[in-house]
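Peer 1: Sequence first, predicted coordinates after that:
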Amino acid sequence: MIKVTRLNNIEMVVNADKIQSVQATPDTLITFTNRDRLMVKEPVEELSRRIMDYRRMVCQQPAAPVDIRDQFPDILH
């Protein structure tokens, strides 16, 4: 997830994995894979950096081992 600022100065977090394209129009237009669009204040270069930083962070974190018995103690005996 990355933080962006809408044109009305409201900050929000968007799923970087759902971004299809980013375009300067001259404001920055984010198009998502479901074709929704969002205008933001950040320039294209800044959004590109945030997306790359997010993906680096996700790829570098090792997956924690999960014991399904801990998640569903009432179901699994």
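Peer 2: Nice, I can see it.

Peer 1: Enumerate every residue touching residue 10.
Peer 2: Counting by Cβ atoms under 8 Å, 6 or more residues apart in numbering, residue 10 touches no other residue. Bear in mind the C-beta positions are built from the backbone N, C-alpha and C, glycine included.

Peer 1: Do you know the pLDDT at the closest residue to residue 27 other than its chain neighbours?
Peer 2: Leaving out its chain neighbours, the residue that sits closest to residue 27 by Cβ to Cβ, 6 or more residues apart in numbering is residue 39, at 5.1 Å. As predicted, residue 39 sits at a pLDDT of 97.

Peer 1: For burial, what's the neighbour tally of residue 39?
Peer 2: Residues near residue 39, counting by other Cβ atoms under 10 Å, number 13.

Peer 1: host element of it?
Peer 2: For residue 39, the element it lies in under DSSP states H and E is strand 37-40.

Peer 1: Show me what counts as buried in that strand.
Peer 2: Judged by neighbour count using 16 or more other Cβ atoms under 10 Å, the buried positions of strand 37-40 are residue 40.

Peer 1: Now the helix or strand following it: average pLDDT?
Peer 2: On the C-terminal side of strand 37-40, the nearest following helix or strand under DSSP H and E is helix 44-60. The average of the pLDDT scores along helix 44-60 is 92.
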